[in-house]
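# Test case, fold it:
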Amino acid sequence: LSRALAEPPPPPLRARTLLALSEAEAAVGDAAALDHLDRALELIADPRERAEALLRAGWAIIKLAGGYPKAADVFERGLRELGERDEALADRLWSAYLGAALVDPVRGEEAQAQVRSLQRRSSETLTGAEHGLFSALALAGAFAGSSHEDVRQLAERALAEGRLLADEGPESFGYWNAVGCLSWADALEAAVRTCDAALEETRRRGAIVTAAQCYYARSWPNFWMGNLAEAVADAQAAVDGWSGDWGMYLPAAVYWLVVARIERDELEAAAGALDYPHPERYRG
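Predicted structure coming up:
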């Protein structure tokens, strides 16, 4: 794709080539994906295509550095540009926006009120994307100290028996928020199963960064269940997969790798695990 871009492609295909290149770069953790997305947006005139690209850009911003406020800006821009042209895409952008806005100090309170309004609706009336909003609500409840049962129920409602994964794919941060909430709510076996389902889909797509997310999310429920060998293997696979530019949860994966090795009395290996790729990015 890089060679195709350098040829260069004829103008009508340039934006499409840039988008394909950015998607491939994102799959292997190359931060150049953001630049190529920005360049594609300069060339895309169709509002729906621009909104789809903005959704990808927001997810990429979160994966690269956990930039939720900036991602919320991007998702909000996508909603404005899309208007009423595509209800399903609007739902995905709205879900992504509220998920990012909930952890933004400026937008958090308003976003939580908007998400809670969905609780009063029956599950049968929600789209797959709207189900993803419950992951944001579950996350907010976990951070606020809600009961583990309430958090678990919200996370399960978000996952909707596989519907969220089918609709948004394993790149969706709404999906991973819900998986994390299952672990925090002590639904450990369910958390592992949801990771397994996402990992199967990720392997089919060949997405290294998303596979690292799967391994990381599975490492801590495995640790809490006492599956220490599995926890070590998963955490190590996550660290290895995040050796590129993208690694939002890299320090957390290192944490689970270290504590699992300590529990296995592998102290030298635990100390060695602290020498992970580019730790200076996550300090200060």
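# make it CA atoms for all contacts and neighbour counts henceforth
OK.
# Next, work out how far apart Arg264 and Phe75 are.
Plainly put, Arg264 is 43 Å away from Phe75 if you go by CA to CA, to the nearest Å.
# burial measure for Ala273, as a count.
Burial measure for Ala273: 17 neighbouring residues, criterion other CA atoms under 10 Å.
# Could you check the pLDDT of it?
Looking at Ala273, its pLDDT stands at 92.
# Pull the contacting residues for it.
The neighbourhood of Ala273, defined by CA atoms under 8 Å, 6 or more residues apart in numbering, consists of Val254, Leu257, Val258.
# Touching, the first one and Leu274? I think so.
I take that to be Val254. Yes: taking contacts as CA atoms under 8 Å, Val254 lies within contact range of Leu274: 6.7 Å.
# out of those two, which sits in the busier spot?
A direct count of neighbours by other CA under 10 Å for Val254 and Leu274 places Val254 higher, at 22 against 14.
# what about the host helix or strand of the more buried one, distance to the chain center?
Here Val254 sits within helix 250-263, counting by DSSP states H and E. Its chain's average C-alpha position is 20 Å from that of helix 250-263, according to CA atoms, centre = their mean, to the nearest Å.
# distance between the next helix or strand after it and the chain's centre?
Next helix or strand after helix 250-263 toward the C-terminus (DSSP H and E): helix 267-273. Counting by CA atoms, centre = their mean, helix 267-273 is centred 29 Å from the centre of its parent chain.
# Quick check: which element contains the closest residue to Ala136 other than its chain neighbours?
Closest residue to Ala136 apart from its sequence neighbours, by CA to CA, 6 or more residues apart in numbering: Gly99 at 5.0 Å. Here Gly99, judged by DSSP H and E, is contained in helix 87-101.
# which helices and strands sit right next to that helix?
In terms of contacts (3 or more CA pairs under 8 Å, 6 or more residues apart in numbering; DSSP states H and E), helix 87-101 is packed against helix 47-65, helix 68-82, helix 108-116, helix 128-144, helix 173-184.
# where are the low-confidence patches of the stretch 51-200 of the chain?
64-66, 118-130, 132 (pLDDT under 70).
# okay if I get the contacts of Ala273 as CSV plus distance to Val232?
Output for these, formatted as CSV (distance: CA to CA, whole Å):
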residue, distance to Val232
Val254, 10
Leu257, 5
Val258, 8
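# could these go into TSV alongside pLDDT?
Formatted as TSV, those follow (pLDDT from 0 to 100):
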residue	pLDDT
Val254	94
Leu257	97
Val258	97
